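# all I have is the shape, not the residue letters:
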């Protein structure tokens, strides 16, 4: 065997899948990842469940079983995982618009109906469009405030 063949083999990730196609992928740099191979729409795909040993075998199997259930429903588990992550990020995001709408909802009982309508209309017309992109609430502060 030539030296270049040994080097190219050493750089490839190695794995040993089981009958359920769950395995630990060892990267050339030494990282170890839980991976699961599956077929969706006639194509082989793979999904990662975390870093070994931070994710235990039992947890990796539970995640694989959840993904298999999603696959049995006819949906792509990796797409469902990405959508779930995006939904969690969006739900946890504390944007100025969300906080302003909550403030308006709690404060409008103290105002006349006309004033409450004027306030929300002004926010929607003047403030929210300029803050498109959903800046996080902690990033929004007054210019005179300390720390800004």
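Arrived safely. No experiment lies behind these values; they were computed from the predicted model shown.
# and residue 124, how far is that from residue 20?
52 Å (Cβ to Cβ, to the nearest Å). C-beta: built from backbone N, CA, C; applies to glycine.
# what of residue 88?
27 Å.
# tell me how this protein divides into domains.
The chain breaks down by automatic domain parsing into domains covering 3-78, 96-133.
# now those as CSV including mean pLDDT and distance to residue 84?
Shown next, in CSV, are these (pLDDT from 0 to 100; distance: least, Cβ to Cβ, whole Å):
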stretch, mean pLDDT, distance to residue 84
domain 3-78, 84, 10
domain 96-133, 88, 20
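# in a markdown table: the ones you listed, plus mean neighbour count.
Converted to a markdown table, those look like this (neighbours: other Cβ atoms under 10 Å):
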| stretch | mean neighbour count |
| --- | --- |
| domain 3-78 | 13 |
| domain 96-133 | 12 |
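# could you measure from the residue lying closest to residue 104 once chain neighbours are set aside over to residue 110?
Using Cβ to Cβ, 6 or more residues apart in numbering and skipping the chain neighbours, the partner closest in space to residue 104 is residue 120 (5.4 Å). Distance from residue 120 to residue 110, counting by Cβ to Cβ: 14 Å.
# what helix or strand is the spatially most central residue of the chain located in?
Among the residues of the chain, residue 85 comes closest to the average C-alpha position under Cα atoms, centre = their mean, at 2.7 Å. Per DSSP states H and E: residue 85 is located in helix 77-92.
# so what does the next helix or strand after that helix touch, helix or strand wise?
Later in the chain than helix 77-92, the nearest helix or strand by DSSP H and E is helix 96-107. The elements that helix 96-107 packs onto, with contact taken as 3 or more Cβ pairs under 8 Å, 6 or more residues apart in numbering; DSSP states H and E, are helix 113-122.
# contacts for the helix it packs on next, please.
For helix 113-122, contacts defined as Cβ atoms under 8 Å, 6 or more residues apart in numbering pick out 101, 104, 107-108, 111.
# which among those residues gets closest to residue 56?
residue 101 (41.7 Å; Cβ to Cβ).
# what distance do you get for the closest one to residue 129?
According to Cβ to Cβ, residue 101 and residue 129 sit 14 Å apart.
# just residue 23 next, same as before
Distance, residue 23 to residue 129, by Cβ to Cβ: 49 Å.
# swap in residue 36?
Counting by Cβ to Cβ, the gap from residue 36 to residue 129 is 44 Å.
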